[in-house]
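Peer 1: structure, please.
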Amino acid sequence: MRILISKLGENIGKEVEIWGWVYRQRVTKNASFLIVRDSTGIVQVVFKGESDAENTSIESSVKIRGIVKEDKRAPTGIEVEGKSIEIVHKAERFPITKDQSTEFLLDVRHLWVRSQRMNRILKIRDLSLRYFRDFFYKNNFWEVHPPIITKTGAEGGSTLFGFDYFGDEAYLSQTGQLYLEALIYVLERVYSITPSFRAEKSKTKKHLAEFWHLEAEMAWFSNEDNMKLQERMITYVAQNLAENHAPLLSNFTDVNRLKKIKYPFERMKYDEAVEELHKKGFEIKWGDDFGTPHEKALTEELEKPLFVYDWPKEAKAFYMKEDPTNPRIVKCSDLLAPEGHGEIIGGSERIWEIDKLMKRIKEEGLKEDNYKWYIDLRRFGSVPHSGFGLGTERFLKWILNLEHIRDAIPFPRTINRVYP
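Peer 2: As a prediction, the model looks like this:
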């Protein structure tokens, strides 16, 4: 009966069978040493004397029978004394060797995902999404599934991926937000985790052309309610990861770093942020959006995320609600991760009055016909509401303190990469 490598410690002294792949191989005159991996971990297997273990190669798939032993000299403190080996498939010479360039590893990403580093990142990615879902479940949200093919853009026409849709023009979704807004009228609190696409010609360490978007919309929520929900959500996920998965996280970051992530988060009005940037020597004028250097300057010394809120209307999307006391700004916020990792969440209170929405659509020069259904939402039982979108990969980049966002997703799509 097969035993997972992670369970070998519970089977000391027993004969077991493990299935996996040869991760490392060393053959001496008297023995063959294999490091074997499966999805749960790695273990050293030693075959004394002659055996078929000599005929394996890196990434060959194998079935091995042997006795589990404790050995402090082994990489994991546990070793298997090999008794028999079945080579299920002998791999050709593996192209990845030590000290390969980043570009080469991206070219062979389909093979590099087998590395221990990617194994751990993908597990933490999955665990994070489980905790996000658990948070939403505990807060009375319903998971929904907006379309990926759409006629409308929400974040700006210049960043849309367009294509021919049976003779009509359509786009890959930048966000599921507008459709989530439609669903609050039936479920009140909804969220989705879907791919989003942005045709931004950006080569920064935090941009992807295709990313996984966690979005939520809430009826009866103000922007203040929105920010409070976001900080509780981030705290919930960070604390659960730190408490339950410290060994996995320790390969990337100090777990105590995550334990410090507790709400409430610091807040700063856009006006105050501009003043702070001026003090730090940046030439930025009121109304400008922030770039990576600005976000880094505001957060590089922080331990917890920072809300920058009440942004100029001209810097944000058409659907954001104006501040009733100052029509030059909108009720929105960006949540900036500490240590310079940049924006991870964008959220706002949405315009819910039809006359104000029509005014903004005209001001932005958008095609009214493309938004007829969205405008209808303001005709039939409209309600104050707010929502936000979180970039899953940006969140992981920050949590794991990764240098580049491309390591937070199995197969990154960037401005210069669509293979493999």
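
Peer 1: please count neighbours and contacts with C-alpha atoms only from this point.
Peer 2: OK.

Peer 1: quick one: the helices in this structure?
Peer 2: 102-107, 109-112, 116-138, 177-187, 223-244, 246-249, 255-259, 270-279, 292-299, 354-363, 372-376, 392-399 (DSSP state H).

Peer 1: deepest-packed of those, please.
Peer 2: helix 392-399 (a mean of 23; mean count of other CA atoms under 10 Å).

Peer 1: can you give the contact residues for that helix?
Peer 2: 125, 206, 211-214, 238, 258, 337-338, 341, 343-344, 402-405, 407-409 (CA atoms under 8 Å, 6 or more residues apart in numbering).

Peer 1: off-centre distance for it?
Peer 2: For helix 392-399, the separation from the chain centroid amounts to 5 Å (computed by CA atoms, centre = their mean, to the nearest Å).

Peer 1: averaged pLDDT, that helix. What do you get?
Peer 2: Mean pLDDT, helix 392-399: 98.

Peer 1: what's the answer for stretch 302-311, then?
Peer 2: 98.

Peer 1: flag every buried residue along that stretch.
Peer 2: 303-311 (16 or more other CA atoms under 10 Å).

Peer 1: span of that stretch from start to end?
Peer 2: In terms of CA to CA, to the nearest Å, the two terminal residues of stretch 302-311 are separated by 21 Å.

Peer 1: repeat for stretch 152-170
Peer 2: 8 Å.

Peer 1: got it, and stretch 53-63?
Peer 2: Terminal-residue distance, stretch 53-63 (CA to CA): 11 Å.

Peer 1: do stretch 239-251 as well
Peer 2: End-to-end distance (CA to CA), stretch 239-251: 17 Å.

Peer 1: check stretch 287-298 too.
Peer 2: Span of stretch 287-298 from end to end, CA to CA: 17 Å.

Peer 1: what of stretch 62-81?
Peer 2: OK, stretch 62-81 end separation, CA to CA: 15 Å.

Peer 1: quick one: buried residues of that stretch?
Peer 2: Quick answer for stretch 62-81 (16+ other CA under 10 Å): 62-69, 78-81.

Peer 1: cool, and stretch 81-88?
Peer 2: Those buried within stretch 81-88 under the rule 16+ other CA under 10 Å are 81-83, 85, 87.

Peer 1: is I329 in a bridge, and if so with what?
Peer 2: Beta-bridge partners recorded for I329 (DSSP bridges): P312.

Peer 1: quick one, what contacts it?
Peer 2: Contacts of I329 by CA under 8 Å, 6+ apart are 310-313, 322-323.

Peer 1: state the distance from R130 to R189.
Peer 2: Here the criterion is CA to CA. By it, R130 lies 18 Å from R189.

Peer 1: one step back: now, which of the contacts of helix 392-399 lie within strands?
Peer 2: In strands, judged by DSSP state E, the following of the contacts of helix 392-399 are found: 211-214, 337, 343-344.

Peer 1: so which of those residues is the closest to I18?
Peer 2: W212 (34.5 Å; CA to CA).

Peer 1: now do the contacts for that closest one.
Peer 2: W212 neighbours (CA under 8 Å, 6+ apart): 193-196, 391-393.

Peer 1: mind giving me the domain split of the protein?
Peer 2: 5-89, 109-408 (automatic domain parsing).

Peer 1: need those in TSV (columns: distance to E103).
Peer 2: What follows is the domains of the chain, written out as TSV (distance: least, CA to CA, whole Å):
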stretch	distance to E103
domain 5-89	21
domain 109-408	10
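
Peer 1: so who does R360 touch?
Peer 2: R360 makes contact with 318-319 under the criterion CA under 8 Å, 6+ apart.

Peer 1: D334 too?
Peer 2: 307-309, 343-347.

Peer 1: check those and tell me the two furthest apart.
Peer 2: Y309 and I344 (13.8 Å).

Peer 1: where does I409 land on pLDDT?
Peer 2: I409 is given a pLDDT of 98.

Peer 1: now G153
Peer 2: Reported pLDDT for G153: 71.

Peer 1: so where's this protein shaky on pLDDT?
Peer 2: 154-157 (pLDDT under 70).

Peer 1: try 80
Peer 2: For the chain, the stretches flagged by pLDDT under 80 are 152-158.

Peer 1: which residue is the nearest non-sequential neighbour of S173?
Peer 2: Among residues not flanking S173 along the chain, I148 sits closest, at 5.0 Å (CA to CA, 6 or more residues apart in numbering).

Peer 1: list the contacts of the one you found.
Peer 2: Here I148 is in contact with 172-173, 176, 195-196 (CA under 8 Å, 6+ apart).

Peer 1: burial measure for K151, as a count.
Peer 2: K151: 15 surrounding residues under other CA atoms under 10 Å.

Peer 1: with adjacent residues omitted, what lies nearest to it?
Peer 2: A170 (5.1 Å).

Peer 1: what about the one you found, neighbour count?
Peer 2: Around A170 there are 18 residues (other CA under 10 Å).

Peer 1: same list (the ones in strands among the contacts of helix 392-399) but as CSV, adding distance to F33.
Peer 2: Formatted as CSV, the ones in strands among the contacts of helix 392-399 follow (distance: CA to CA, whole Å):
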residue, distance to F33
F211, 41
W212, 41
H213, 44
L214, 45
A337, 44
E343, 47
I344, 45
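
Peer 1: which one of those is nearest to G41?
Peer 2: W212 (26.8 Å).

Peer 1: who's the closest spatial neighbour of that closest one, skipping the chain neighbours?
Peer 2: According to CA to CA, 6+ apart, the nearest residue to W212 is P195 (4.4 Å).

Peer 1: could you do G387 as well?
Peer 2: Ranked by CA to CA, 6+ apart and with sequence neighbours excluded, the top spatial neighbour of G387 is E217, at 4.1 Å.

Peer 1: relative to P410, how far out is the one you found?
Peer 2: Computed as CA to CA, the E217 to P410 distance reads 28 Å.

Peer 1: more neighbours, those two?
Peer 2: Remark: of E217 and P410, E217 carries more neighbours, 30 against 15, as counted by other CA under 10 Å.

Peer 1: quick check, the more buried one in contact with P384.
Peer 2: No: using CA atoms under 8 Å, E217 is not in contact with P384, being 10.9 Å away.

Peer 1: thought Y236 was touching F136?
Peer 2: No: if you go by CA under 8 Å, Y236 and F136 don't touch, sitting 10.4 Å apart.

Peer 1: now do stretch 297-316: distance from first to last residue.
Peer 2: Stretch 297-316: ends 21 Å apart by CA to CA.
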